[in-house]
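Trainee: let's see this in three dimensions:
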Amino acid sequence: MTTTTRAAATPPRTRAPRGAARRFGLARHSLALAGRSLIKTLRTPEQLLDVTLQPIIFVLIFVYLLGGAISGSQHAYLEFLLPAIMVQTVLFASIATGVSLNTDVEKGVFDRFRSLPIARSAPLVGSVVGDLVRFVVSIVVLFAFGYAIGFRIGTDPLSTLAACLLTIAFAFAVSWIGVLLGVVMRSPGAVQGTAFLVLFPLTFGTNMMVPTDTLPGWLQWWVGINPVADVMEAARGLIIGGPVAGPVTRSLLWTVAIIAVFAPLAVRAYRRRA
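Mentor: Below is the predicted model of the structure:
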């Protein structure tokens, strides 16, 4: 007598596409490392001194020293200046991303990351995302202080929120320049110095303190092609009123372009250094 045994039919296993798995893995790993960056900031709150005291100092200096001479009214100058100070403060806060990343690289923290089964770009993305809290803190402090000394929104809360989100998005893009510097520079001091050399002409070479038509011709040309000037004009229009379609469109295009150029360069430089 012979018996025949048939194996039970088992349904074929379905696997998620490799590309989708990598994308979700990159997102999970980046968020986990962003949480690490946030915890590090919370444990050393003195890292937030620049984004809490700096906007207050800039407002005090510019409004009360220059406001009467430039616009004849300190309150009117505060309305004109504060949206631009918001953009400047958030951009200066983005420097810390490159400095912190360079410190971790020099201390060997990223050597540990390279030994983990995570995407090579996850530590970079996590560093940038984790520092978004610095941008939010600086904006909250600036608006709170501005309201305390008389600033008032001229549009509506949704438009103001849109201005804040646009500023944060642009600063997120500029952070990738800091990440690139953090990877290629040899010391945190070099990263900070080079970043300031880049940001100073971009932030002060704008219509932040005075209207564009009061500037000399060559400086008006620079303001016309300066992406930071577009973001400042967009923020002014959304917060106190004015044209917004053109400045907002150009700001978004600059944001996408900066990320498209500098994010791949930063990842490539990191892989080469690794």
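
Trainee: phi and psi next, for the spatially closest residue to Trp222 that is not a sequence neighbour.
Mentor: Distances taken as C-beta to C-beta, 6 or more residues apart in numbering place Gly205 nearest to Trp222, at 5.4 Å, with adjacent residues excluded. In short, each C-beta sits where N, CA and C put it, glycine included. Main-chain dihedrals, Gly205, degrees, to the nearest 10: phi -80, psi 50.

Trainee: list the contacts for Gly205?
Mentor: Gly205 makes contacts with Leu219, Trp222, Val223, Asn226, Ala229, as judged by C-beta atoms under 8 Å, 6 or more residues apart in numbering.

Trainee: pLDDT score for it?
Mentor: At Gly205, the model reports a pLDDT of 87.

Trainee: try Asp111
Mentor: Predicted confidence (pLDDT) for Asp111: 64.

Trainee: likewise Met1?
Mentor: For Met1, the pLDDT comes out at 45.

Trainee: find the helix or strand that the residue lying closest to Gly126 once chain neighbours are set aside is a member of.
Mentor: Leaving out its chain neighbours, the residue that sits closest to Gly126 by C-beta to C-beta, 6+ apart is Leu33, at 2.7 Å. Per DSSP states H and E, Leu33 falls inside helix 18-43.

Trainee: ok, back up a step: now list the buried members of the contacts of Gly205.
Mentor: Using 16 or more other C-beta atoms under 10 Å as the burial test, the contacts of Gly205 include Trp222, Val223, Asn226, Ala229 as buried.

Trainee: quick check: the first one vs Asp213, distance?
Mentor: Counting by C-beta to C-beta, to the nearest Å, the gap from Trp222 to Asp213 is 14 Å.

Trainee: ok, and for stretch 53-72, which residues are buried?
Mentor: Judged by neighbour count using 16+ other C-beta under 10 Å, the buried positions of stretch 53-72 are Gln54, Pro55, Ile56, Phe58, Val59, Phe62, Val63, Gly67, Ile70, Ser71.

Trainee: TSV for the buried ones among the contacts of Gly205, including pLDDT and secondary structure?
Mentor: Putting these into TSV (pLDDT from 0 to 100; DSSP: H, G, I helix; E, B strand; the rest coil) gives the following:
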residue	pLDDT	secondary structure
Trp222	92	helix
Val223	91	helix
Asn226	93	coil
Ala229	94	helix
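
Trainee: dump the residues you listed to JSON lines, plus distance to Ala163.
Mentor: Converted to JSON lines, these look like this (distance: C-beta to C-beta, whole Å):
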{"residue": "Trp222", "distance to Ala163": "23"}
{"residue": "Val223", "distance to Ala163": "19"}
{"residue": "Asn226", "distance to Ala163": "18"}
{"residue": "Ala229", "distance to Ala163": "15"}
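
Trainee: now, among these, which is nearest to Leu101?
Mentor: Nearest to Leu101 among those is Asn226, at 26.1 Å by C-beta to C-beta.

Trainee: I'd say Leu38 and Val133 touch.
Mentor: Yes. Under the criterion of C-beta atoms under 8 Å, Leu38 makes contact with Val133 at 5.9 Å.

Trainee: what about the closest residue to Ser30 other than its chain neighbours, which helix or strand?
Mentor: Nearest residue to Ser30 in three dimensions, chain neighbours excluded: Val125, at 3.9 Å (C-beta to C-beta, 6+ apart). According to DSSP H and E, Val125 maps onto helix 122-130.

Trainee: list the buried residues of the next helix-or-strand element following that helix.
Mentor: Next helix or strand after helix 122-130 toward the C-terminus (DSSP H and E): helix 132-148. Within helix 132-148, the residues that qualify as buried are Leu132, Val133, Arg134, Phe135, Val137, Ser138, Ile139, Val141, Leu142, Phe143, Phe145, Gly146, counting by 16+ other C-beta under 10 Å.

Trainee: tell me the one of the residues you listed nearest Phe200?
Mentor: Nearest to Phe200, judged by C-beta to C-beta, of these is Ser138 at 17.7 Å.
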